[in-house]
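J.: Starting from these lines, generate the structure:
(chains A, B, C and D)
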Protein chains: 2
Amino acid sequence: MARTPLRSDLIEQITARVLDRRLAAGARVNEVHLARELGVSRTPLREALIGLADRGLLVAAPGRGFLVPPFDLDEARRLYPLVAELEALALRWTSPLELAGLPDALDAVAGEMAVADGGDLSALDDRWHALLLSRCPNPHLLRLIEQTKPLLKRYESAYFARHDHAGESIGEHRRIAAALRDGDLAAASSVLVANWVKALAYLGKDGP
Amino acid sequence: MARTPLRSDLIEQITARVLDRRLAAGARVNEVHLARELGVSRTPLREALIGLADRGLLVAAPGRGFLVPPFDLDEARRLYPLVAELEALALRWTSPLELAGLPDALDAVAGEMAVADGGDLSALDDRWHALLLSRCPNPHLLRLIEQTKPLLKRYESAYFARHDHAGESIGEHRRIAAALRDGDLAAASSVLVANWVKALAYLGKDGP
DNA sequence: TAGATATCTATTGTATGCAATACTGCCCGG
DNA sequence: CCGGGCAGTATTGCATACAATAGATATCTA
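T.: Predicted coordinates for the structure are as follows:
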């Protein structure tokens, strides 16, 4: 029997399809077609869809299956501060000692970002943030963050594609690392929140 | 076809069983037996189990199905502050105008709590907190809170059964309502967090 | 012709079936 | 007496089958 359940892979694949809009906003998900396309039966596919609906990346419409939620700027305006606050909280709950060990690794990733382009940039940004939170001792908080970020990334991917804000963002990342070096948690936190809020501001300009 | 999917009911029923320990901590969930007992087939039951595992109320063990996570005081110590912070955040994000309209209704529920006993008490406590957050405009934050609370309630139910702390808790609830009347969000927030933390302190004494 | 209605198809929600793994108890060897 | 291996069962994970609703198309009536 499969050591890793099919639904796990399916969740990743479907998430990717939502993020890159192969599953378009507002569209219904046809279980039979998607199952054929992914080469599985409807059962594990539905399990994955239910998991995604629990996380908010899909919406379950009783009797009508699942659909990709439409883009909604108001939703984005609420998601960004939410993730910002959750990450800041995770930072507050990480021991200063642990935090002190992070800046070097963080700057290394930031350095990679400086020479990366387009598609990789978003992945590196993810790695940077994951690293920043990696020492937080509260797994439930981390779970909430992981569950929420994909919702946001749907908006963010549009943003990353459209603006070349990489320099700005990398600068902020470095400032956060520097603040951690100084043991200045408040400063790190505030730049972190600002980083998220700024992303939102760009989004507002001409988002999807 | 059912207007409300079976899995929704099942999630409620199974949650209840976990909370009152008909599904004991550490025990494996037998899908065939449970399906028979609940009068449904394994398919919607598994959908419900997956949903519960996503929320952390069950754990999925690849190849071995689902099991009820053991009690873990450390987990409780992380869940209480988490819910406290999330509720405080929801409060911060609720408009002062909306908050000003709440205290009367809040005190009404607190009044009911004063004359309720045992089982109802927990339900009233839930209603009180739900009312407190009911005006928060961020549905995603509310979703996270709703998803996290059942985890905590597993510990809390033991607490409520064991201590008669109702008076204390009701007093704190009234103080929160009073602070909202004064427009003193900071005070309300701090008592709210204290309320959660105190519950945790009791739990530490002789929890399960 | 527009609207309502009936009929037919598509799609979901649930139940059942099947194959592979995990568990249990027993036998055996040391 | 105790641990390892083996057969048989139990249980999961996935696939398929079935029933009922939602949606689409065509027909009928005013």
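J.: For chain A, which segments count as helices?
T.: For chain A, applying DSSP state H gives helices covering A:6-19, A:31-38, A:42-55, A:73-92, A:96-100, A:103-115, A:118-133, A:139-162, A:166-181, A:185-206.
J.: Save those as TSV, and put in mean neighbour count too.
T.: The C-beta positions use only the backbone N, C-alpha and C, and glycine is treated the same way. Supplementary listing: those in TSV, determined by neighbours: other C-beta atoms under 10 Å in any protein chain shown:
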stretch	mean neighbour count
helix A:6-19	18
helix A:31-38	14
helix A:42-55	21
helix A:73-92	19
helix A:96-100	12
helix A:103-115	16
helix A:118-133	17
helix A:139-162	19
helix A:166-181	19
helix A:185-206	17
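J.: weakest of those by average pLDDT?
T.: Lowest mean pLDDT within these: helix A:185-206, a mean of 81.
J.: Report the contact partners of the residue nearest to the spatial centre of chain A.
T.: For chain A, residue A:149 is the residue whose C-alpha lies nearest the centre (C-alpha atoms, centre = their mean; 3.0 Å). For residue A:149, the contact set (C-beta atoms under 8 Å, 6 or more residues apart in numbering or on different chains) comprises A:83, A:126.
J.: Give me the distance between it and residue A:17.
T.: 17 Å (C-beta to C-beta, to the nearest Å).
J.: Residue A:72: neighbouring residues, count only.
T.: Residue A:72 has 12 neighbours, counted by other C-beta atoms under 10 Å in any protein chain shown.
J.: give me phi/psi at it?
T.: When read as degrees, to the nearest 10, the backbone of residue A:72 gives phi -150, psi 110.
J.: which parts of chain A sit against chain B?
T.: Residues of chain A lying near chain B by C-beta under 8 Å from any C-beta of the partner chain: A:1-5, A:7, A:43, A:46-47, A:50-51, A:54-56, A:60, A:62-63, A:75, A:78-79, A:82, A:85, A:89, A:137-141, A:143-144, A:147-148, A:151.
J.: Repeat the analysis, applying 6 Å as the threshold.
T.: Residues of chain A lying near chain B by C-beta under 6 Å from any C-beta of the partner chain: A:1, A:3, A:47, A:50-51, A:54, A:62-63, A:78, A:82, A:85, A:89, A:138, A:140-141, A:144.
J.: Which of these sits closest to DNA strand D?
T.: Minimum distance to DNA strand D across the residues of chain A next to chain B is 3.6 Å, recorded for residue A:63 (C-beta to the nearest atom of the strand).
J.: what does the model give the closest one for pLDDT?
T.: 93.
J.: Look up how far residue B:53 lies from it.
T.: Separation of residue A:63 from residue B:53 (C-beta to C-beta): 25 Å.
J.: Convert the C-alpha atoms of stretch A:136-148 to CSV, please.
T.: Below are the C-alpha coordinates for stretch A:136-148, written out as CSV (Å, rounded to 0.1, in the frame of the first residue of the first chain):
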residue,chain,number,x,y,z
CYS,A,136,9.3,28.5,16.5
PRO,A,137,8.4,25.9,19.1
ASN,A,138,4.6,26.1,18.5
PRO,A,139,3.7,23.6,15.8
HIS,A,140,0.1,24.5,15.8
LEU,A,141,0.9,28.1,15.0
LEU,A,142,3.2,27.0,12.2
ARG,A,143,0.4,24.8,10.9
LEU,A,144,-2.0,27.8,10.7
ILE,A,145,0.6,29.8,8.9
GLU,A,146,1.3,27.0,6.4
GLN,A,147,-2.4,26.6,5.8
THR,A,148,-3.0,30.3,5.3
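J.: Can you verify my assumption that residue A:175 contacts residue A:192?
T.: No: counting by C-beta atoms under 6 Å, residue A:192 is not a contact partner of residue A:175; they are 9.6 Å apart.
J.: Around DNA strand C, pick out the residues from chain A.
T.: Taking C-beta under 7 Å from any atom of the strand as the contact definition, chain A meets DNA strand C at A:1, A:3, A:28-32, A:42-43, A:46, A:60-66.
J.: which among those residues are in contact with DNA strand D?
T.: Of the residues in the residues of chain A next to DNA strand C, proximity to DNA strand D by C-beta under 7 Å from any atom of the strand holds for A:1, A:42, A:43, A:63, A:64.
J.: Including distance to residue B:37, could those go into JSON lines?
T.: JSON lines is the format used below for these (distance: C-beta to C-beta, whole Å):
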{"residue": "A:1", "distance to residue B:37": "25"}
{"residue": "A:42", "distance to residue B:37": "26"}
{"residue": "A:43", "distance to residue B:37": "22"}
{"residue": "A:63", "distance to residue B:37": "27"}
{"residue": "A:64", "distance to residue B:37": "30"}
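J.: Identify, from those residues, the entry nearest to DNA strand C.
T.: Checking these against DNA strand C with C-beta to the nearest atom of the strand, the nearest one is residue A:1 at 3.2 Å.
J.: circling back: now the helices of chain A in JSON lines, with distance to residue B:185?
T.: Below are these laid out as JSON lines (distance: least, C-beta to C-beta, whole Å):
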{"stretch": "helix A:6-19", "distance to residue B:185": "37"}
{"stretch": "helix A:31-38", "distance to residue B:185": "46"}
{"stretch": "helix A:42-55", "distance to residue B:185": "30"}
{"stretch": "helix A:73-92", "distance to residue B:185": "16"}
{"stretch": "helix A:96-100", "distance to residue B:185": "28"}
{"stretch": "helix A:103-115", "distance to residue B:185": "34"}
{"stretch": "helix A:118-133", "distance to residue B:185": "28"}
{"stretch": "helix A:139-162", "distance to residue B:185": "23"}
{"stretch": "helix A:166-181", "distance to residue B:185": "28"}
{"stretch": "helix A:185-206", "distance to residue B:185": "19"}
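J.: Ok, which of the ones you listed comes nearest residue B:188?
T.: Residue B:188 sits nearest to helix A:73-92 of all these, at 17.8 Å, using C-beta to C-beta.
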